[in-house]
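Here's a sequence, model it:
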Amino acid sequence: MPFRVLHRSRTRSRRVVHFASTLVAAAFTIALVGFTGMRSAEWSPREVEVIRSMWIGSAGNLPRDPSNRFADDSAASEFGKALFFDRRLSTVGISCGDCHEPGRVFQDGTPLGHGAGTTARRTMPIASTAYSSWFFWDGRADSQWSQALGPLESSVEHAGTRSLYARFIVREYGRQYAAIFGAPPSLGSIPEAGGPLGTAAERATWNTLSRATQDSITRVFVNIGKAIAAFERRVQYRESRFDRYAARVAGAEPQTSAELSPTEALGLRLFIGKGNCVSCHSGPMLTDFSFHNVGVSGTVDARPDSGRKTGLDQLYASEFNCLGAYSDARPQDCALSKVDPSRNDGTVQAFRTPSLRALPRRAPYGHTGEFATLAAILDHHNRAPNGTAGTTELKPLGLTRVELDAIEAFLRTLDSRAVVEGGTPLVRGPR
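As a prediction, the model looks like this:
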């Protein structure tokens, strides 16, 4: 074939291929454009209802915490805020606010928590946790106040003892404490360092105290937690761009002009449909507040982390659970009273479903921070590998790269801040 004819033939072939590629790209663009600006009439009735349920405006008022009669006491909240940011409430110069940083939506952005040592799990954000019945990744606490106590006695976090904290409160906050909780015990009855946890010497000191003295010290310790919880329950997520869109689609705020891009709208449709994300990340906090095995094991002291299985055992044994003597709740008001312990064997390597609110600000992801990016954790859920124990609840989704990218684009519309509702501005406590 002459060169000129051959050149024309190859040029024509390239034009055909280019034209076909353009048609495919145009078709995909048209498909995406169909999602942009979607109003309630363009979503199915079921989709509208799901979108409405995910809207932060559907959350309603904060639920009561019957286990903490000081939960909505403004003086207790202000006291709790002071304690939350006071670095003297530890033996290593850290505060609650150093791991739950306001500027990082009340978490720390590291794979594992750091205090006196390194924890075995990721620091969970505390925003909007007042809606939950379970705390920590394994649910080993069932109130905000009992969760706040755990790090204080942990040897790798605040590393203190009950008597040390009681002495600190009497010495530094005695008048403020008494105005809320009543007079604390005298310093003369409180040893320098003693508690049921800690070093052998600290435990030995604790065991020399009478039961009545131990109880008076523990009540001060418990009230520290209840004051911090009164502050933490006011930490709430603000609305996201998705919420403004959802309000319009649901007809709650029809005047808003919020839109999603074609890719974001496709991601939302996949999130509540083919991706099945909404089966766990549901409701206005985008979590079912439950526990699921999703094939991520992590480790605790080089052993596979059993998650909820061990967490529930610890909760039953805790003196600070909702059913215990330090709770203000009636037994029938406690979520723990409704749990069937015989079914706990099915919760091996199940971990609490985190909220997806402010997700773009909260990398890395997973209970040990093993996923550096949203793309990585989406890929994990798409492949559905099994963990080292139990059986994952995930099933392979078969999502394409385009679909995964669309879901990620939607997740980024959930970006928002976490703020303290009411009260005085946040300030750092003394070192």
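
Pull out the buried residues from stretch 90-102.
90, 91, 94, 95, 96, 97, 99, 100, 102 (16 or more other C-beta atoms under 10 Å). For glycine as for every other residue, the C-beta is placed from the backbone atoms N, C-alpha and C.

Out of the residues you listed, which sit inside strands?
For these, membership in strands holds for none, with DSSP state E as the criterion.

Widest-spaced pair of those residues?
Farthest pair in the buried residues of stretch 90-102 (C-beta to C-beta) is 91 and 102. Separation: 23.7 Å.

returning to that earlier point: closest to residue 263 among the buried residues of stretch 90-102?
Comparing every one of the buried residues of stretch 90-102 with residue 263 (C-beta to C-beta), the shortest separation belongs to residue 102, at 31.4 Å.

Quick check, that closest one in contact with residue 361.
No: distance between residue 102 and residue 361: 11.8 Å, which falls outside the contact criterion (C-beta atoms under 8 Å).

Could I get the buried residues of stretch 90-102 in a markdown table, plus columns for pLDDT and distance to residue 209?
Listed next are those as a markdown table, based on pLDDT from 0 to 100; distance: C-beta to C-beta, whole Å:
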| residue | pLDDT | distance to residue 209 |
| --- | --- | --- |
| 90 | 97 | 22 |
| 91 | 96 | 20 |
| 94 | 97 | 27 |
| 95 | 98 | 28 |
| 96 | 98 | 27 |
| 97 | 97 | 31 |
| 99 | 96 | 31 |
| 100 | 97 | 32 |
| 102 | 95 | 38 |
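
Enumerate every residue touching residue 51.
With contacts taken as C-beta atoms under 8 Å, 6 or more residues apart in numbering, residue 51 has the following neighbours: 43, 246, 249, 250, 268, 272.

Most neighbours out of these, which is it?
Using other C-beta atoms under 10 Å as the neighbour definition, the contacts of residue 51 reach their maximum at residue 268, which records 31 neighbours.

was I right about it contacting residue 260?
Yes: applying C-beta under 8 Å as the test, residue 268 and residue 260 come out as touching, 6.5 Å apart.

any common contacting residues for those two?
The overlap between the contact sets of residue 268 and residue 260 (C-beta under 8 Å, 6+ apart) consists of 242, 410, 413.

Quick check: mean pLDDT of stretch 281-293?
Taken as a whole, stretch 281-293 carries a mean pLDDT of 97.

Could you list the buried residues of it?
For stretch 281-293, burial by neighbour count (16+ other C-beta under 10 Å) applies to 281, 282, 283, 284, 285, 286, 287, 289, 290, 291, 292, 293.

Out of those residues, which two sit at the greatest distance?
Among the buried residues of stretch 281-293, the pair separated by the greatest distance (C-beta to C-beta) is 284 and 293, at 24.9 Å.

List the contacts of the closest residue to residue 89 other than its chain neighbours.
Take residue 89 and drop its neighbours on the chain: the residue closest to it by C-beta to C-beta, 6 or more residues apart in numbering is residue 83, 5.8 Å away. With C-beta under 8 Å, 6+ apart as the criterion, the residues that contact residue 83 are 89, 96, 173, 224, 227, 228, 231, 429.

what does residue 284 give?
Residue 284 makes contact with 53, 54, 55, 56, 57, 58, 59, according to C-beta under 8 Å, 6+ apart.

and what of residue 224?
Taking C-beta under 8 Å, 6+ apart as the contact definition, residue 224 lies against 83, 89, 148, 149, 152, 165, 169.

export those to CSV and tack on pLDDT, secondary structure and distance to residue 389?
CSV is the format used below for the contacts of residue 224 (pLDDT from 0 to 100; DSSP: H, G, I helix; E, B strand; the rest coil; distance: C-beta to C-beta, whole Å):
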residue, pLDDT, secondary structure, distance to residue 389
83, 98, helix, 38
89, 97, coil, 36
148, 98, helix, 30
149, 98, helix, 29
152, 98, helix, 30
165, 98, helix, 36
169, 98, helix, 42
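
ok, of the residues you listed, which one's closest to residue 310?
Distance ranking of these against residue 310, using C-beta to C-beta, places residue 149 first at 18.3 Å.

Next one: the closest one from residue 191, what distance?
The spacing between residue 149 and residue 191, counted by C-beta to C-beta, to the nearest Å, is 19 Å.

Check residue 208 too.
Residue 208 sits at a distance of 8 Å from residue 191 (criterion: C-beta to C-beta).

What are the boundaries of the helices in the stretch 151-300 of the chain?
Remark: helices of the stretch 151-300 of the chain, listed N- to C-terminal, are 162-181, 200-207, 211-232, 241-249, 262-272; assignment by DSSP state H, counting those that start in this stretch.

who touches the second one?
Read that as helix 200-207. Among residues not part of helix 200-207, those counted as contacts by C-beta under 8 Å, 6+ apart are 161, 162, 163, 191, 193, 194, 195, 196, 197, 214.

any idea how far the residue nearest to residue 89 lies from residue 322?
With C-beta to C-beta as the criterion, residue 83 and residue 322 are 22 Å apart.

buried stuff in stretch 102-112?
Buried residues in stretch 102-112, counting neighbours by 16+ other C-beta under 10 Å, are found at 102, 104, 105, 106, 107, 108, 111, 112.

what's the answer for stretch 318-337, then?
Buried residues in stretch 318-337, counting neighbours by 16+ other C-beta under 10 Å, are found at 318, 320-324, 326-329, 334-336.

go on, stretch 154-171?
Of the residues in stretch 154-171, 154, 156-170 count as buried by neighbour count, 16+ other C-beta under 10 Å.

First residue to last residue on that stretch, what's the distance there?
Criterion C-alpha to C-alpha, to the nearest Å; first-to-last residue distance in stretch 154-171 is 23 Å.

go on, stretch 179-199?
From its first residue to its last, stretch 179-199 covers 33 Å (C-alpha to C-alpha).

what's the spacing between that stretch and its chain's center?
Once both centres are worked out by C-alpha atoms, centre = their mean, to the nearest Å, stretch 179-199 turns out to sit 31 Å from its chain's centre.

who's in contact with that stretch?
Applying C-beta under 8 Å, 6+ apart, the set of residues contacting stretch 179-199 from outside is 70, 73, 75-76, 79, 153, 155, 161-164, 166-167, 169-171, 174, 177-178, 201-203, 205-206, 208-209, 213, 216-217, 220, 223, 227.

what's the answer for stretch 306-321, then?
Residues external to stretch 306-321 that are found in contact with it (C-beta under 8 Å, 6+ apart): 136-143, 145-146, 149, 218, 222, 225, 291, 293, 324-327, 334, 336, 339, 341, 344-345, 347-352, 367, 389.
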